[in-house]
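In: I'd like to go over a predicted model; first the sequence, then the structure.
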Amino acid sequence: MGKGGDASAPTARTVTLKSNDNAEKYTWAEVKKHITPDDAWIVHANKVYDVSNWHDHPGGGVIFTHAGDDMTDIFAAFHAQGSQAMMKKFYIGDLIPESVEHKDQRQLEFEKGYRDLRAKLVMMGMFKSSKGYYAYKCTFNMCMWLTAVAMVYYSDSFAVHIGSALLLGLFWQQCGWLAHDFLHHQVFKHRKYGDLAGIFWGDLMQGFSMQWWKNKHNGHHAVPNLHNSSIDSQDGDPDIDTMPLLAWSLKQAQSFRELNADGKDSTFVKYAIKFQAFTYFPILLLARISWLRESFKTAYGLGAASENAKLELERRGLQYPTLERAGIALHYSWMFVLSSGFGRFTLAYSIMYFIVSTCSSGLFLALVFGLGHNGMAVYDATTRPDFWKLQVTTTRNIIGGYGIPQFFVDWFCGGLQYQVDHHLFPMMPRNNIAKCHKLVESFCKEWGVKYHETDMITGTWEVLKHLQNVSDEFLVEMVTDFPAM
């Protein structure tokens, strides 16, 4: 275990040689041994840092997703300039560049190329938000909410109430995009302002815990579509942790075997994976209910959605405990009043309104999430490609098509139609992402890196086809492994 959170404690380490300035020298193989939260080494610009047990990291447990790996580019993607100063106390030595055998000269030039592109985007002012644009988006969202409320308050029509529930579901989806932008610190330089806006659009208006979302989403951004390298590591993507309901690779489909004494798949897993292409959309309908549950547990200390989140809460607690709990309590208060029709609806009618709004929102949100990543490349954490290729090959951009106009895609997806570009530059505000896309497209062509772009209909078909392919592989392997079944 290294010094990490206890930066003053010396520890024994494997040292290969010392330079004239007495800096320790480490091989890449040595760095790769330290992959768990209680023994975590990371590399930034060929400097090695021991962040073991650093649970006070301002960004939370996401730092452990790169334990035993190079975090140079994901660090730049998430942090403001000058943040490197905080890392000095964790410095333990230098990486021997020649020991990184998986990178040839072209790869090093490619990495320098996309770092230069980032610097160019900074100089162009692409990371500066338009406050007027976000004022408009916030105002438009609140008008959606007020319209949904007015439709219930002023009407006794069943059709109008259904329309209100669907509009409320759409409102929650759009709240998700606003909370997403604020919590990625795209809008304000002062991060506390972004957090407070995130609590408003997340906890109060959606019922989603800000800290639950940040832990889950930041982890996803750091390691999209990655499987954990070991049972104790935390370098996998929480967004594809969907077993036993959905499997995005054969390895994931078979991952529950080790939980059973006989080493075989349970009956539930067999049927869930076999029919996952058909159950995908019904599961999306229930997505918001699951997120509400995990948010409530996080805010009120009743549990955590993942081991990473559990460790973060145990060691660090909630960043804004009073505001989060108050926000979620007020969310359920106004939702109770609205779902009851301001006291006019029967219990069954109130439940119907809640179910329609909640399930439609889950579908609207998860549909965009699914198009962004599902059905794209999936990697083991130990064999992940470089930052740029990881983000590009696991991500899908969405365009108009099949009668769906581009302006609707742009509004409905809330900036995430440029998912590739957003993953490369997550702190870039939505009002600049389309301009950034042209430069990303040009860079990918220059270096021969393919990125995927398709319309909503074709993209959804690709997701379903991928799920079916995993099902087919799973069934073939299951018969091969257990022929007597």
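Out: On my side now, so go ahead. Numbering: from 1, shown residues only.

In: give the other helices and strands that the strand or helix carrying residue 136 contacts.
Out: Element membership of residue 136, judged by DSSP states H and E, is helix 131-154. Using 3 or more Cβ pairs under 8 Å, 6 or more residues apart in numbering; DSSP states H and E as the contact test, the elements touching helix 131-154 are helix 158-183, helix 321-339. Every residue, glycine included, has its C-beta placed from N, CA and C.

In: now do the buried residues in the last one.
Out: When you say that, I think you mean helix 321-339. 323-325, 327-328, 331, 335, 338-339 (16 or more other Cβ atoms under 10 Å).

In: same check, this time on stretch 86-98
Out: Neighbour-count burial for stretch 86-98 flags 87, 90, 92-96 (criterion: 16+ other Cβ under 10 Å).

In: just the CA coordinates of that stretch, formatted as PDB?
Out: Output of stretch 86-98 as PDB, limited to C-alpha atoms (Å, rounded to 0.1, in the frame of the first residue of the first chain):
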ATOM      1  CA  MET A  86      -2.700  19.600  -5.800                       C
ATOM      2  CA  MET A  87      -0.900  16.500  -7.000                       C
ATOM      3  CA  LYS A  88       2.600  17.500  -5.900                       C
ATOM      4  CA  LYS A  89       2.300  15.900  -2.400                       C
ATOM      5  CA  PHE A  90       1.500  12.500  -4.100                       C
ATOM      6  CA  TYR A  91       4.500  12.500  -6.400                       C
ATOM      7  CA  ILE A  92       6.800   9.500  -5.900                       C
ATOM      8  CA  GLY A  93       9.000   9.500  -9.000                       C
ATOM      9  CA  ASP A  94       9.200   9.300 -12.700                       C
ATOM     10  CA  LEU A  95       8.100   6.800 -15.300                       C
ATOM     11  CA  ILE A  96      10.700   5.300 -17.500                       C
ATOM     12  CA  PRO A  97       9.300   6.100 -20.900                       C
ATOM     13  CA  GLU A  98      11.100   3.300 -22.700                       C
END
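
In: how far off centre is it?
Out: Averaging C-alpha positions (Cα atoms, centre = their mean, to the nearest Å) puts stretch 86-98 28 Å from its chain's average.

In: is it fair to say residue 92 lies in a strand?
Out: Yes. Assessed by DSSP: H, G, I helix; E, B strand; the rest coil, residue 92 belongs to a strand.

In: list the buried residues in the helix holding residue 136.
Out: Buried residues in helix 131-154, counted by 16+ other Cβ under 10 Å: 134, 137-138, 141, 144-145, 148-149, 151-152.

In: so it versus helix 158-183, what angle?
Out: For helix 131-154 against helix 158-183, the angle by axes from the mean of the first three to the mean of the last three Cα atoms, to 10 degrees is 150 degrees.

In: and the contacts of helix 131-154?
Out: Here helix 131-154 makes contact (Cβ atoms under 8 Å, 6 or more residues apart in numbering) with 160-161, 163-165, 167-168, 170-171, 174-175, 178, 181, 187, 201, 205, 338, 341-342, 353, 429-431.

In: tell me the buried residues in the helix or strand bottoming out on mean pLDDT in the chain?
Out: Taking mean pLDDT, DSSP states H and E as the measure, the helix or strand of the chain with the lowest value is helix 307-316, at a mean of 81. Using 16+ other Cβ under 10 Å as the burial criterion, the residues of helix 307-316 that qualify are 307-309, 311-313.

In: picking that back up, and the helix holding residue 136, average pLDDT?
Out: Taken as a whole, helix 131-154 carries a mean pLDDT of 97.

In: same thing with stretch 94-104?
Out: Here the average pLDDT along stretch 94-104 is 86.

In: what's the answer for stretch 159-178, then?
Out: Averaged over stretch 159-178, pLDDT sits at 97.

In: chain center to it: distance?
Out: Averaged C-alpha coordinates place stretch 159-178 at 23 Å from its chain's average position (Cα atoms, centre = their mean).

In: contacts for that stretch?
Out: Against stretch 159-178 from outside (Cβ under 8 Å, 6+ apart): 134, 137-138, 140-141, 144-145, 147-149, 151-152, 155, 197, 201-202, 205-206, 208, 288, 338, 341, 353, 356-365, 368, 413-416, 430.

In: who's in contact with the closest residue to residue 455 other than its chain neighbours?
Out: Nearest non-adjacent residue to residue 455, counting by Cβ to Cβ, 6 or more residues apart in numbering: residue 401, 2.9 Å away. The contact partners of residue 401, by Cβ under 8 Å, 6+ apart, come to 454-458.

In: and if we set it to 7 Å?
Out: 455, 457-458 (Cβ atoms under 7 Å, 6 or more residues apart in numbering).

In: please tell me how far it sits from residue 392.
Out: Residue 401 sits 21 Å away from residue 392, going by Cβ to Cβ, to the nearest Å.

In: residue 94 now?
Out: For residue 94, the distance to residue 392 - Cβ to Cβ - is 29 Å.

In: repeat for residue 350
Out: 46 Å.

In: who has more neighbours, these two?
Out: A direct count of neighbours by other Cβ atoms under 10 Å for residue 350 and residue 392 places residue 392 higher, at 23 against 17.

In: what packs against the helix or strand containing that one?
Out: Per DSSP H and E: residue 392 is located in helix 387-393. On a contact count with 3 or more Cβ pairs under 7 Å, 6 or more residues apart in numbering; DSSP states H and E, helix 387-393 meets helix 419-424.
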